[in-house]
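Undergrad: Got a predicted structure plus its sequence, pasted below:
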Amino acid sequence: MGIVFGKTGVVEPAFDVLLSRSSTVPYQLRKYGVRYACETEYPVSAKSDSMGFRALAGYIGVGTTPQNDGGKGIAMTAPVVTEKGGKAIAMTAPVITDTVGNDMKKMAFILPAEYDSMDKIPKPTNPKVKITEIPGANGAVHTFSGSCNDAKAKTTVKALIVQLKNDGVEIDEKVAMEKFELWQFHPPPFTIPMMRKNEVWIGLSEDQVNDLMKKYKN
């Protein structure tokens with residue numbers, strides 16, 4: 001029932017909250033350090049994101065033998081299954097969904113903090129899954145609940161862009177719409193819609209963040 005009602009027990013990657021804005025479209029300015037993720041690409045024409053989710057869930061060992069080259073199961077803080085043949089890896093939140101060109105989408109699971117270098121991360125045995133390093137970054141994050149598809153994500157990002165512009169940020173709307181990320185904090189499609197947590201992320205420069213903090217930091 002934990003999954004059904006939206007509480008998965010998975011751990012979010014660490015971040016610093018630099019500013020919280022209680023504006024018309026509320027948002028946080030956050031600072032993230034370097035993170036590592038397993039990711040996969042799949043066609044935009046796919047009927048749902050389940051194709052990408054299944055590939056990544058297989059890598060970390062959710063509901064199946066872990067599809068990685070690790071030889072030893074380890075104790076996890078999240079409810080994953082450890083079986084012989086691979087290393088089960090805790091699933092952290094969020095699940096990140098992005099577009100890659102016009103025909104492909106990308107989904108990624110952020111790996112637990114203990115996997116802080118490439119040599120510590122088990123290699124995927126599924127060729128459709130790869131490990132990537134996500135550089136540290138600053139950005140604006142808006143949190144909202146409910147079901148979320150591509151159209152709703154884009155509408156939400158546009159509203160956040162308008163808010164940032166109103167707050168004095170010089171932002172290229174076209175670039176922001178191309179590079180934003182949708183973060184989802186539930187294992188779809190099992191969570192009741194009203195309990196689903198979603199976030200949209202827009203990356204910002206150090207100067208943009210500093211200007212906002214000077215203007216609104218108490």
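TA: Nice, thanks for sending it over.
Undergrad: just the helices in this structure please.
TA: Along the chain, counting by DSSP state H, helices occupy 50-60, 150-166, 173-179, 206-216.
Undergrad: Can you flag the weakest of those helices by average pLDDT?
TA: Mean pLDDT values for the helices of the chain show the minimum at helix 50-60, a mean of 82.
Undergrad: Report all helices and strands that that helix contacts.
TA: Using 3 or more C-beta pairs under 8 Å, 6 or more residues apart in numbering; DSSP states H and E, the elements in contact with helix 50-60 are strand 35-43, strand 95-100, strand 104-110, strand 129-134. To be clear about C-beta, it is placed using only N, CA and C from the backbone, and glycine gets the same treatment.
Undergrad: ok, and which of the helices of the chain has the densest surroundings?
TA: Compared across the helices of the chain, helix 50-60 shows the largest average neighbour count, a mean of 21 (mean count of other C-beta atoms under 10 Å).
Undergrad: so that one versus strand 104-110, what angle?
TA: Here the directions of helix 50-60 and strand 104-110 differ by 30 degrees (axes from the mean of the first three to the mean of the last three C-alpha atoms, to 10 degrees).
Undergrad: starting at the chain centroid, how far to helix 50-60?
TA: Put simply, helix 50-60 sits 14 Å off its chain's centre (C-alpha atoms, centre = their mean, to the nearest Å).
Undergrad: can you check stretch 124-142 too?
TA: Centre-to-centre, stretch 124-142 and its host chain are 8 Å apart (C-alpha atoms, centre = their mean).
Undergrad: List the buried residues for that stretch?
TA: Buried residues in stretch 124-142, counting neighbours by 16 or more other C-beta atoms under 10 Å, are found at 124-125, 128-129, 131, 134, 137-142.
Undergrad: Start and end of stretch 42-54, how far apart?
TA: Terminal residues of stretch 42-54 lie 11 Å apart, using C-alpha to C-alpha, to the nearest Å.
Undergrad: Next: stretch 198-212.
TA: 23 Å.
Undergrad: Residues contacting that stretch, please?
TA: For stretch 198-212, the surrounding residues in contact (C-beta atoms under 8 Å, 6 or more residues apart in numbering) are 18-19, 21, 29, 31, 94, 137-146, 148, 153, 156-157, 160-161, 164, 167-171, 176, 179-185.
Undergrad: Thanks again, I'm all set now.
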